[in-house]
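> Have a look at this prediction, sequence included:
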Amino acid sequence: MLVSTYGSRGDLEPLVGLAVRLRELGAEARVCAPPDEDFAQRLAGVGVPLVPVGRSARALTTGAPAPSSLPQRAAELIAGQFEAVTAAAEGCDVLVATGVMPAAAGALSVAEKLGVRSVSVTFQQLTLPSPHRPPLAYPGRPFPPGVTDRRVLWDLDARNANALFGEALNTNRASIGLPPVDDVRAYVVGDRPWLATDPFLDPWRKTPDLDVVQTGAWLLPDERPLPAEVEAFLDAGTPPVYVGFGSMPLHASRDVARVAVEAVRAQGRRVLVSRGWAGLAPVDDRDDCLVVGEANHQALFGRVAAVVHHGGAGTTTTAARAGAPQVVVPQAADQPYWAGRVADLGIGAAHDGPTPTVASLSAALGTALTPGARARATAVAGTIRTDGATVAARLLLDAVG
């Protein structure tokens with residue numbers, strides 16, 4: 001089986017879990033993903049082959065591309081999928097497509113051409129049309145002010161997807177003899193999309209138009225030990241507050257690091273900062289702060305006082321499963337939604353906007369560090385399902401008999 005994506009580390013990590021579970025059930029699985037070094041290392045660490053596609057996701061993300069370049073980048077992603085996935089999917093029984101919409105559209109088109117079964121998967125529900133909430137706006141394409149009718153907004157969303165991705169997709173489809181697609185979003189979503197999120201953290205409300213299969217989040221137990229310097233820091237005092245923004249570029253990153261460290265110190269806590277794609281760096285040489293690179297979040301989050309992060313689906317789920325109170329500082333896309341879920345569940349705080357100050361972040365931490373938030377986070381941890389990847393793997397094997 002081939003699992004295809006193009007996106008951040010948060011898009012890759014669930015695929016690691018799925019590929020390992022497929023292998024345990026006797027199926028061969030390989031992952032088609034960007035050629036980033038940390039992606040390759042993560043897959044190699046669990047013995048899953050990587051088929052590289054396109055340019056580095058990190059370089060593309062941190063390059064601060066203008067919204068106006070989105071159609072050009074979409075064309076590049078679609079062409080890359082046609083080239084890489086066509087070769088990788090030969091002999092596969094099922095193709096699982098996820099990641100950003102143009103990449104998923106390209107992968108699904110290849111499966112269509114090869115006559116291979118395909119499944120469209122999302123790791124957040126906000127791209128699935130629903131009467132219960134509005135869609136996300138694309139960068140540079142805000143919805144008209146004052147328009148609140150959700151049906152109208154979803155229609156506008158479909159038009160935007162066609163305007164951004166339709167020409168590039170149909171040009172590539174024509175090159176391999178496929179007919180044009182009239183509705184890119186409907187083509188990618190399909191009639192029976194999979195939602196790989198936890199039902200408690202991210203409850204899906206049924207709609208008459210979509211038969212959504214919610215498998216649970218695709219998690220894999222991470223047995224990697226923490227780096228020695230992290231173990232030593234954890235053992236040297238009270239549990240610190242973790243601060244990390246994952247794959248978010250944070251172009252004012254040094255100021256974000258300073259603000260975060262000062263806000264944590266204002267709460268009388270030590271701080272553990274993750275460099276991430278923003279390259280967060282030390283702000284001074286005091287011994288109450290440690291800056292680290294790659295680390296096992298499953299092992300780490302169970303030993304910290306709180307987790308301050310950007311609100312990616314994977315980080316939110318991992319922190320919730322660990323019982324760690326959270327402060328979400330949403331940067332883009334679905335992250336405000338996850339911030340809202342954290343606040344609604346009482347397991348932490350949602351920061352208002354993407355740019356914290358010392359005062360605003362310290363106030364949010366004050367909420368997350370209360371005994372009540374800790375008790376609620378501990379209770380919610382027990383509700384998080386751990387079998388999502390196994391559920392998905394069994395469904396895929398059932399589909400091919």
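Received it, and whenever you're ready, just let me know what you need. Numbering: from 1, shown residues only.

> got the phi/psi numbers for Q214?
With angles defined as degrees, to the nearest 10, Q214 shows backbone torsions of phi -100, psi 110.

> how many other residues sit next to it?
Each residue near Q214 was counted by other Cβ atoms under 10 Å, and the total is 19. Backbone N, C-alpha and C define where each C-beta goes, glycine included.

> Which helix or which strand is home to G314?
helix 313-322 (DSSP states H and E).

> who does the residue lying closest to A89 once chain neighbours are set aside bridge with?
Taking Cβ to Cβ, 6 or more residues apart in numbering as the measure, A89 lies nearest to L2, with 5.0 Å between them; neighbours along the chain are not counted. The residues paired with L2 through beta bridges, assigned by DSSP bridges, are R30, L95.

> same for the host helix or strand of A111, what does it pack against?
Using DSSP H and E, A111 sits within helix 101-114. When contacts are defined as 3 or more Cβ pairs under 8 Å, 6 or more residues apart in numbering; DSSP states H and E, helix 101-114 packs onto strand 2-4, helix 70-88, strand 94-97, strand 117-122, helix 167-175, helix 184-189.

> got the CA coordinates for that helix in CSV?
Extracted C-alpha coordinates of helix 101-114, given in CSV (Å, rounded to 0.1, in the frame of the first residue of the first chain):
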residue,chain,number,x,y,z
MET,A,101,-5.4,19.7,-1.2
PRO,A,102,-3.4,20.0,-4.5
ALA,A,103,-1.1,17.2,-3.5
ALA,A,104,-4.0,15.0,-2.5
ALA,A,105,-5.8,15.8,-5.8
GLY,A,106,-2.7,14.8,-7.7
ALA,A,107,-2.3,11.5,-5.8
LEU,A,108,-5.9,10.6,-6.3
SER,A,109,-5.7,11.3,-10.0
VAL,A,110,-2.8,8.9,-10.3
ALA,A,111,-4.8,6.2,-8.4
GLU,A,112,-7.7,6.9,-10.8
LYS,A,113,-5.4,6.5,-13.9
LEU,A,114,-3.8,3.3,-12.5
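
> what's the spacing between that helix and its chain's center?
Average the C-alpha atoms of helix 101-114, do the same for its chain, and the two points are 20 Å apart (Cα atoms, centre = their mean, to the nearest Å).

> That helix relative to strand 117-122, how many degrees between them?
170 degrees (axes from the mean of the first three to the mean of the last three Cα atoms, to 10 degrees).

> Report the mean per-residue pLDDT for helix 101-114.
Throughout helix 101-114, pLDDT has a mean value of 95.

> quick revisit: using TSV, lay out the helices and strands packed on helix 101-114 together with mean pLDDT, mean neighbour count and distance to L195.
Below are the helices and strands packed on helix 101-114 laid out as TSV (pLDDT from 0 to 100; neighbours: other Cβ atoms under 10 Å; distance: least, Cβ to Cβ, whole Å):
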stretch	mean pLDDT	mean neighbour count	distance to L195
strand 2-4	93	29	16
helix 70-88	88	20	22
strand 94-97	96	25	13
strand 117-122	96	21	6
helix 167-175	95	18	23
helix 184-189	97	22	11
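
> Tell me which of the ones you listed lies nearest to L25.
Shortest distance between L25 and these, using Cβ to Cβ, is found for strand 94-97: 12.9 Å.

> which residues touch that closest one?
Strand 94-97 is contacted by residues 1-5, 15, 18, 85, 89, 103-104, 107-108, 110-111, 116-121, 188, 396, 399-400 when judged by Cβ atoms under 8 Å, 6 or more residues apart in numbering.

> now with 7 Å?
1-4, 89, 104, 107-108, 111, 116-121, 396, 399-400 (Cβ atoms under 7 Å, 6 or more residues apart in numbering).

> now swap in stretch 122-136 and tell me
Residues outside stretch 122-136 that contact it (Cβ under 7 Å, 6+ apart) are 11, 14, 98, 150, 153-154, 157, 189, 193, 195-197, 202, 204-205, 207, 209-210, 212, 313, 333-334, 337.

> out of those, which are inside helices?
When DSSP state H defines the helices, the subset of the contacts of stretch 122-136 inside them is 11, 14, 150, 153-154, 157, 189, 313, 337.

> could the residues you listed go into a markdown table alongside distance to L365?
Putting the ones in helices among the contacts of stretch 122-136 into a markdown table (distance: Cβ to Cβ, whole Å) gives the following:
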| residue | distance to L365 |
| --- | --- |
| D11 | 28 |
| P14 | 28 |
| R150 | 35 |
| L153 | 34 |
| W154 | 37 |
| D157 | 35 |
| V189 | 38 |
| A313 | 22 |
| Y337 | 21 |
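
> doesn't C32 make contact with the residue nearest to A89?
Yes - in this structure, L2 is within contact of C32 by Cβ atoms under 7 Å, at 6.1 Å.

> Now do the strands in the protein.
Defined through DSSP state E, the strands belonging to the chain, from first to last, are 2-4, 30-33, 50-52, 94-97, 117-122, 194-195, 213-214, 241-243, 271-274, 289-292, 306-309, 326-328, 348-350.

> V283: what's it in contact with?
By Cβ under 7 Å, 6+ apart, the contact list for V283 reads 257-258, 261.
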